[in-house]
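A.B. asks: build me a model:
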Amino acid sequence: MSTAVPAINLDPGNLLAKRNAYRLVLTAALAPTAGARFQPAGFPEVGHVIYPAPRPDGSSGQVCIVDSAASMANHLESVCLAAPKFSTDLHPDLEGLPYVRLKVGDDFASSTTFSTSLTEAHRIASKTFLNKFTSLYANAKPESQPFKAILLQEFGLKDKGKKTVPDPGGFGAIFSTIFRRDPNSLVHGALFPDWGIKLPRLLTATQEAFGAARVASSGVSFSRSEEMRQAIFAVDEETAAEIRATFVLDLALLRSFRAGGAGLDDDQQSLVLRLALWKIGRLLAQPFRYRSNCDLQTMSVKVEGSGDAQVDPATLGSGIAGAIDRCYKSKGQGITELFRSAQSIETDADAEKNADDPDTGGDEDADEGD
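C.D. replies: Got it, this is the predicted structure:
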């Protein structure tokens, strides 16, 4: 892949200073690593989705959903971990970045990590973190109040049950608190349905294949047990003229986190944007192999409006280590550690369920199946 210097300045300070720039759109051309076929995401009771999409000239073309926005959001979170799916530790580039980590056991000293805000559905707003049994662990002892009560206090909210809502001018404290505890939740978006707080995604990504066509084949499953049976099954894969991943960064939303000076300052906004760009760069620099028969590689990356110039994914989010130090090191802010007893996890499963999001059907962080 070409590593030409981008024609557009992707420095966060420069992007945020352009008040008439409301979004930043990056597109990546992908291709199968071997052969021409690939396996897109499968949806329950639907399977692989191919639909006719209208074109500006009035024609239509077949488009296949390779990965949805919800699935791509999870992929973008996975690159933040040292070993995706096998670790809860941060990638070395993100050392010092705060996030929320829940530990479970008979006591904190013998507890093990159960979940983090980089893996938990709804991130920092997860009911697992806001459960009445989950306490903040600080100063070598659990706090007397659950994390939910502490977060309400830091948000500047009074618990009024279903009537708990922030004042219109009170979002500065909410943005600042989330930034201090888990800045990635500002990138991913966060929904606190009980408190009337919904932050949409700052970074939205989709992956689609254009000029798609279905390829039907079959496979055989052989078992030496069960009476030496062979099971023949159908396999659906796709081919396409073009596979494209699109990343949209909402710069206007990021500027609104300033909240009239009560929210994020310049350095903090810059870090959030740098983190989003870093996640895109990491995702594009490694293989897209999220299903057994879907191994894709990045061929080129472009910024919308920059002509034919290409961007090297390795340059996206550069300088993030220094930005993390500027925002957190001097303040001593690190990982927010929470603790729950193992017994409460077993006996209070119903309390873990997040309320459905009326706009997304409660499936904002769902993964599609193979």
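
A.B. asks: any chance you could map the helices in this protein?
C.D. replies: Along the chain, the stretches classed as helices by DSSP state H are 12-17, 69-78, 127-130, 147-155, 171-181, 184-188, 251-256, 266-285, 320-328, 342-347.

A.B. asks: tell me what the third one is packed against?
C.D. replies: Here helix 127-130 is seen to pack against strand 100-105, helix 147-155 when contacts are counted using 3 or more Cβ pairs under 8 Å, 6 or more residues apart in numbering; DSSP states H and E. For every residue, glycine as well, the C-beta is placed using N, CA and C.

A.B. asks: can you give me the neighbour number for the closest residue to Arg180 other than its chain neighbours?
C.D. replies: Leaving aside its sequence neighbours, Arg180 sits nearest to Gln333 (Cβ to Cβ, 6 or more residues apart in numbering; 5.7 Å). Close neighbours of Gln333, defined as other Cβ atoms under 10 Å, add up to 15.

A.B. asks: Gln62 too?
C.D. replies: Neighbour tally, Gln62, other Cβ under 10 Å: 17.

A.B. asks: per-residue pLDDT of the closest residue to it other than its chain neighbours, please?
C.D. replies: In space, and not counting its chain neighbours, Gln62 is closest to Ala212: 4.8 Å by Cβ to Cβ, 6+ apart. Looking at Ala212, its pLDDT reads 94.

A.B. asks: is it correct that Ala212 is in contact with Glu238?
C.D. replies: Yes - the pair Ala212 / Glu238 is scored as a contact, 5.2 Å apart, by Cβ atoms under 8 Å.

A.B. asks: those two: who's more crowded?
C.D. replies: Each of Ala212 and Glu238 has its neighbours counted (other Cβ under 10 Å); Ala212 has more, 26 against 22.

A.B. asks: can you pull the contacts of that one?
C.D. replies: Ile50, Gln62, Val63, Cys64, Glu238, Thr239, Ala240, Ala241 (Cβ atoms under 8 Å, 6 or more residues apart in numbering).

A.B. asks: wait, the fifth one touches Phe38, no?
C.D. replies: Yes - here Glu238 reaches Phe38: they are 6.0 Å apart, a contact under Cβ under 8 Å.

A.B. asks: which residues do the two both contact?
C.D. replies: Residues touching both Glu238 and Phe38 by Cβ under 8 Å, 6+ apart: Ala209.

A.B. asks: isn't Phe38 up against Glu208?
C.D. replies: No - in this structure Phe38 lies outside contact range of Glu208 using Cβ under 8 Å: 11.9 Å.

A.B. asks: burial of Gln269, as a residue count?
C.D. replies: Gln269 has 24 neighbours, counted by other Cβ under 10 Å.

A.B. asks: now do it, the pLDDT please.
C.D. replies: pLDDT, Gln269: 97.

A.B. asks: and if you look at Ala4?
C.D. replies: On the pLDDT scale, Ala4 gets 44.

A.B. asks: now swap in Thr134 and tell me
C.D. replies: At Thr134, pLDDT is 91.

A.B. asks: now do Ser225
C.D. replies: On the pLDDT scale, Ser225 gets 68.

A.B. asks: what of Ala21?
C.D. replies: For Ala21, pLDDT reads 88.

A.B. asks: what distance do you get for the nearest residue to it once chain neighbours are set aside to Pro287?
C.D. replies: Using Cβ to Cβ, 6+ apart and skipping residues adjacent in sequence, the residue nearest Ala21 is Leu251, 5.7 Å away. With distances taken as Cβ to Cβ, to the nearest Å, Leu251 is found 29 Å from Pro287.
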